[in-house]
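Enquirer: return a 3D structure for these sequence lines:
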Amino acid sequence: MGISTNDFQYISKMVQELSAIVLEPGKEYLVESRLQPLAQKEGLATIEDLVKKMQREPHNGISAKVVEAMTTNETSFFRDIHPFETLKGFVFPDLIEKRGTTRELNIWCGASSSGQEPYTLAMLMRENFPELLSWKINYYASDISNEMLDRCRNGIYSQLEVNRGLPAAMMVKYFERHGTEWQIKEDIRKMIDFRITNLSEQWPLMPKLDLVMMRNVLIYFDIEMKKQILGKIKALLKPDGYLFLGAAETTLNLDDSFERMNYKQSGCYRIRQG
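Expert: Next up is the predicted model:
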């Protein structure tokens, strides 16, 4: 039996209040697929039972688990290859040239999920720009889910996960095999400072940023929250820094301060000058 209208509305309202993420009508299938396993994990037969328990015991921590379950997003290594080609071919060469005096880069990956995206960027830097080894790289990655952040810090992936998008040569070079799983090497894990962050609340202190990866995040918020997030990014981004959004995302009609760069299917933006 599928989720009832009342239970879907209850879940949608709670998730939006706690994370600002919008679950519009039509997303019942998503709620069912994400919350049925959680219900079973909690020893409950159905999502209806899960909702009743949340209503009966509002401070038992299940609400946070529901939000975490609903905010775990699809990801893979080198997902949508074009942004990483742009980073390799244009963005990092430009930043390395401009920051050659300070030899410091500040990077934020704003929705790290299970870690494939931030680690892809770390491997891309290590593989193509060895000169950055002697630079100070302040590399932050964040997510709303503590469970996902634990996965990120451990950097352990299944065979299926490393097979998705990761070139075999890079898997051998940057991962260590442990039985049926692969763990990204410690020197790559140490490049990234993983932090809990709810994008709808106060953000952690960060220095002015050279590069922000915020891909496939805005699509989950309403227009007002999208505007707020873009405004906060604008305040954090250096005037000549770069912002990457997902392929289905745009700043158009949300924040005219940004202009899209003419890099093929990369979702690359900069703050408009002049």
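
Enquirer: phi first, then psi, for the residue nearest to the spatial centre of the chain.
Expert: Centroid-nearest residue in the chain: residue 111, 1.8 Å away (criterion: Cα atoms, centre = their mean). When read as degrees, to the nearest 10, the backbone of residue 111 gives phi -150, psi 90.

Enquirer: ok, residue 105 - how many residues close by?
Expert: 21 (other Cβ atoms under 10 Å). Every residue, glycine included, has its C-beta placed from N, CA and C.

Enquirer: residue 222 too?
Expert: 13.

Enquirer: swap in residue 154?
Expert: Using other Cβ under 10 Å, residue 154 is surrounded by 14 other residues.

Enquirer: tell me which residues touch residue 219, please.
Expert: Each residue near residue 219 by Cβ atoms under 8 Å, 6 or more residues apart in numbering is listed here: 246, 248, 249.

Enquirer: and the buried ones among the residues you listed, selectable in PyMOL?
Expert: Provided next is the PyMOL selection string for whichever of these are buried by 16 or more other Cβ atoms under 10 Å:
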select buried, resi 246+249
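
Enquirer: where's the dip in pLDDT among the contacts of residue 219?
Expert: Lowest pLDDT among the contacts of residue 219: residue 248, with 88.

Enquirer: what residues of stretch 128-137 count as buried?
Expert: Judged by neighbour count (16+ other Cβ under 10 Å), stretch 128-137 contains these buried residues: 129, 132, 135, 137.

Enquirer: let's have those in TSV, adding distance to residue 4, secondary structure and pLDDT.
Expert: Converted to TSV, the buried residues of stretch 128-137 look like this (distance: Cβ to Cβ, whole Å; DSSP: H, G, I helix; E, B strand; the rest coil; pLDDT from 0 to 100):
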residue	distance to residue 4	secondary structure	pLDDT
129	53	coil	98
132	53	helix	97
135	55	coil	98
137	49	strand	98
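
Enquirer: dump those residues into CSV; add distance to residue 14 as well.
Expert: Formatted as CSV, these follow (distance: Cβ to Cβ, whole Å):
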residue, distance to residue 14
129, 44
132, 43
135, 44
137, 38
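
Enquirer: quick check: of the residues you listed, which lies closest to residue 69?
Expert: residue 137 (32.6 Å; Cβ to Cβ).

Enquirer: does the closest residue to the closest one other than its chain neighbours count as helix, strand or coil?
Expert: Counting by Cβ to Cβ, 6 or more residues apart in numbering, residue 137 lies nearest to residue 105, which is 5.3 Å off, once chain neighbours are set aside. Following DSSP: H, G, I helix; E, B strand; the rest coil, residue 105 is assigned to strand.

Enquirer: make sure residue 105 is actually in contact with residue 97.
Expert: No: with contacts counted by Cβ atoms under 8 Å, residue 105 stays clear of residue 97, the gap being 12.0 Å.

Enquirer: all helices of the protein, in order?
Expert: 5-19, 28-41, 47-56, 62-70, 81-86, 92-98, 116-128, 146-154, 159-163, 168-174, 186-189, 223-236 (DSSP state H).

Enquirer: lowest confidence element among the helices and strands of this structure?
Expert: Least confident helix or strand, the chain: helix 62-70 with a mean of 88, by mean pLDDT, DSSP states H and E.
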